[in-house]
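Participant: Everything below, folded, please.
(2 chains, ligands or ions: 2)
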Amino acid sequence: MTAPAPAAGAAGAAGVAASGGMLRPPGSEAARGSVAARRFSFWYGAKQALTEIDLDIAPRTITALIGPSGCGKSTFLRAVNRMHDLVPGTRHEGKILLDGRDVYDPSVDPTTLRRRVGMVFQRWNCFPKSIYDNVAYGPRINTSLPRAQLDQIVEASLRRAALWDEVKDRLRQSALSLSGGQQQRLCIARTLANDPEVLLLDEPASALDPIATQKIEELIFELKRELTIVIVTHNLQQAARASDYTAFFYLGRLIEVGSTERMFTAPREERTNSYITGRFG
Amino acid sequence: MTSTTIERPGRTGGPGTGPPASTSARRGRFRVRITGSAIGDRVYGAAVTAFAICVPLLLLLIAIEIASAGWPAFRRFGFSFLTSSAWDPVKGTFGAAPAIYGTLVSSLLALLLATPLALGVAVFLSEFAPRAIRQPVAFLVDLLAAIPSVVYGLWGIFVLVPVLRSPVMPFLRDTLHLGGIPLFSGPAYGPSMLAAGVILAIMILPYISSVSREVLLAVPRSQREAALALGATRWETISGAVIPFAKSGIIGGIILGLGRALGETMAVTMLIGNRPQISASLFAPGYTMASLIANEFSEASGDLHLSALMAVGFTLFVITLIVNGIARWLVWQVSRSAGGRAG
Ligand SMILES: Nc1ncnc2c1ncn2[C@@H]1O[C@H](COP(=O)(O)OP(=O)(O)OP(=O)(O)O)[C@@H](O)[C@H]1O
Ligand SMILES: [Mg+2]
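Facilitator: Ligands and ions are numbered 1, 2, ... in the order given. Okay, here's the model as predicted:
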C-alpha cells in the first residue's frame, strides 16, 4: 500500500550519520535517557517472543518500532520499563540498559525505573478522576509536594502535552468527559508530570482520527527536544514523518535499524523492503 | 421496535449482493418478514412487560396488606409507636423503639466489622492469591452464605457467646480500658448486641466479598497498567486505581450485605437476648424488629398485639426501602463523581 515514503523532514536531526549501527546524534553524549538492548531475549512461558535484540537508542531522538502484528514490538517496549514484572511465567535473558545500567539489575527499583521511563498505551486509560487528579497522580504517589507546586506541575505538564488551553477552565471535571484525542494527550501529560527521561508510546494514535493523530504527532515531535522517545506504530507514514530512526522487527527479531530516511529509501534487508512497500504485514 | 430495524439487513441475507433489478422484490419480502417478527416482538414485549409490572405490583400489595393490618396499632399509639420503649403485651402497650434501634445498631455493627474484612478477602483473592488457591478460597468464602441461619445461631450460642463473655468483652472493657466509652461498658452478658453484630458480620461477609471480588476482577487491565507505569507500587495501584475504579460496585455489595443484615431473623433471635430495651452498651442484650416478630407472632395475645407486630413488620419494610434508596443514591453519586461511565 505504502510506497517507500520519502522521510519528509523526519530524519531531521541534521548531520546524523545514517549508518544504521550506532545511533548517536551530535552533542547529546551527556544527555540522559539513552536506552540500549544487549542480546535481549524474552519468553512468555515456553513461547519465545524476542530473540537476541541488540539496539541502541540515543537520547533525545525518536525511534519508531515497526513490523507486522505479533512480531514483538510491544513486548520489547514493555521490557524497557519492566511492565512484564507482574505477568507470571515471563522471563528474559540479556540486558536492557538505561544510561548504561541494566534495568533488570536487582538493585533497580522498578517504580523508580517507571518514573524515569514513562509509558503511554494504545488505548487511553485515564483514571475515572478529574483532569487535575489524573495529571497529579504520579507526583502525588512519588513525592509529597505542597499544593502550589503540584498546581505548577499539572499546568506545565498539560502545556507540554498541548492540552492546557483546552482544559484549563475545567480541571475539576472528569477526565472521561474529554474526547479520545484529548484523553490520549491527557495520558501523555500524566506521564510527563513524572518528568521522565524516556517516553515509550505503544501505538498512541491508532485509535484516533486523523486530526487527533496529527496533534499527537506534532506533540511527540515537540517532546523530542526534551526526552528520548520510542514509539510503536503500524502507520508507516507516521513512522516516516515523525521519527529519526526506525527499527524493523520481524518474528521476534530485530531485522534492521537505521535512520528513518535510509530505512524508507534504501533498506538493506529484503524483508524490510517487503514490509515497507506493503508486500506483507 | 428499534431492534427490528437493526436486525433487518442481517436477516434477509446480504442485501448488497443481489442484482439491482430485484431490489423492489426483495423489499417486498423484507416487509413480510418484518411484520412477522414485529408481531413476535410485540407479543414478547407485552409478556415481558406484564411480568415486569407484576413484581412492583406484588410489592405494593404486600405493603398495603401489612400496612392495613398494622393500622390499628399505628392509630392507637400514633408516633409514639416508633419512639416508645414500652413493649408490654400484657398491659397492651406497644412501642417499637428498642427493636428499631436494635435492628439498626446490629446491622451497622455487622457492616463495620464485615466490610474491612470482606474487602481484604476480595483484594487478596483478586490481586494477591496464587492462582491455585484463588478458586478454592473463593468457594469456601461463598460457602459461608450457604450455611443455614439456624446453624449460625447454634454455633453462636455454643461457641461465639462464651468466647465473647470471656475473654473478648472483659478484654475490650478492662484490658483496653474502653470501659469508659458507653459502648463497651457494663456487665458482660453473653447474648448481646455484640454477639448479634458479630454473627451478622460473618453472615454478610460472603455477600460483600464476592460482589467486591467480581468488581475488582472486572477492573480493566489498562487501569492497573496506567498506575504501574506511573511508578505506583503494587499496593498503590490497588488502593489508588483499582479500588477507586470499583468503588460504586463495592458500595453496591456493602448495601446488599446491609439488606441481608436488616432482615436476618433466626441467628439474631438466638443471640441478641431478646430484651426490649435500648442500652448504650453493646454488651447488653437487645432486640431487633425481625426477632420481635418471630418470637411473638405465634402466641400473639389479642388483636392489638397482632396489629402491633404487623406494624413492626411494616416499619421494617419501610426502613429497608429507605436504606436501599439511600444506597442507590450513594452508588449513583459515587459513579457520577467518578466521571460516570456513561459520560
Ligand atoms: N501475555 C502474553 N502471553 C503469551 N504470549 C504473549 C503475551 N503477549 C504477547 N504474546 C505473544 O508474543 C508475541 C509478540 O507479541 P507483541 O504484543 O509484542 O506483538 P506486537 O508486535 O506488539 O503486535 P501488535 O502489532 O499486534 O501489537 C506474539 O506472538 C504474542 O502472541
Ligand atoms: Mg503491540
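Participant: How far away from the center of its chain is stretch A:60-70?
Facilitator: Here the centre of stretch A:60-70 is set off from its chain's centre by 8 Å, with CA atoms, centre = their mean, to the nearest Å.
Participant: what's the spacing between stretch A:168-187 and its chain's center?
Facilitator: The answer for stretch A:168-187 is 21 Å, by CA atoms, centre = their mean.
Participant: my bad, stretch A:100-114
Facilitator: Centroid separation for stretch A:100-114 versus its chain: 18 Å, with CA atoms, centre = their mean.
Participant: hmm, that stretch in reach of chain B?
Facilitator: Yes - Stretch A:100-114 reaches chain B (CB under 8 Å from any CB of the partner chain) through A:111-112, A:114. The C-beta positions use only the backbone N, C-alpha and C, and glycine is treated the same way.
Participant: So which residues of the stretch 151-281 of chain A form strands?
Facilitator: In the stretch 151-281 of chain A, the strands defined using DSSP state E, counting those that start in this stretch lie at A:198-202, A:228-232, A:245-250, A:253-259.
Participant: can you pull the contacts of the closest residue to residue B:290 other than its chain neighbours?
Facilitator: Of all residues not flanking residue B:290 in the chain, residue B:265 sits nearest, at 4.1 Å (CB to CB, 6 or more residues apart in numbering or on different chains). Neighbouring residues of residue B:265 by CB atoms under 8 Å, 6 or more residues apart in numbering or on different chains: B:149, B:288, B:290-291, B:293-294.
Participant: Let me see the residues that make contact with stretch A:178-192.
Facilitator: A:118-121, A:124-126, A:131, A:134-135, A:137-138, A:157-158, A:160-163, A:166-167, A:175-176, A:199, A:204-205, A:207-209, A:211-213, A:215-216, A:219, A:223, B:226, B:229-230.
Participant: Filter those residues down to the buried ones.
Facilitator: A:118-121, A:124-126, A:131, A:134-135, A:137-138, A:157-158, A:160-163, A:166-167, A:175-176, A:199, A:204-205, A:208, A:212-213, A:215-216, A:219, A:223, B:226, B:229-230 (16 or more other CB atoms under 10 Å in any protein chain shown).
Participant: Minimum distance to ligand 1, which residue of chain B gives it?
Facilitator: residue B:221 (10.1 Å; CB to the nearest ligand atom).
Participant: burial measure for that residue, as a count.
Facilitator: Close neighbours of residue B:221, defined as other CB atoms under 10 Å in any protein chain shown, add up to 9.
Participant: do residue B:85 as well
Facilitator: By other CB under 10 Å, neighbour count at residue B:85 equals 14.
Participant: Look up the pLDDT of it for me, please.
Facilitator: Among the per-residue scores, residue B:85 shows a pLDDT of 91.
Participant: hang on, it in a helix?
Facilitator: No - per DSSP: H, G, I helix; E, B strand; the rest coil, residue B:85 lies outside any helix segment and is coil.
Participant: Now do the same contact list for it.
Facilitator: Contacts of residue B:85 (CB under 8 Å, 6+ apart): B:95, B:97-98, B:276-278.
Participant: Kindly report the same for residue B:63.
Facilitator: So residue B:63 contacts B:314, B:317 (CB under 8 Å, 6+ apart).
Participant: make it 7 Å
Facilitator: residue B:317 (CB atoms under 7 Å, 6 or more residues apart in numbering or on different chains).
Participant: and what of residue B:67?
Facilitator: residue B:314.
Participant: Apart from its neighbours in sequence, what residue is nearest residue B:173?
Facilitator: Residue B:173's closest residue in space is residue B:179 (CB to CB, 6+ apart), at 4.1 Å.
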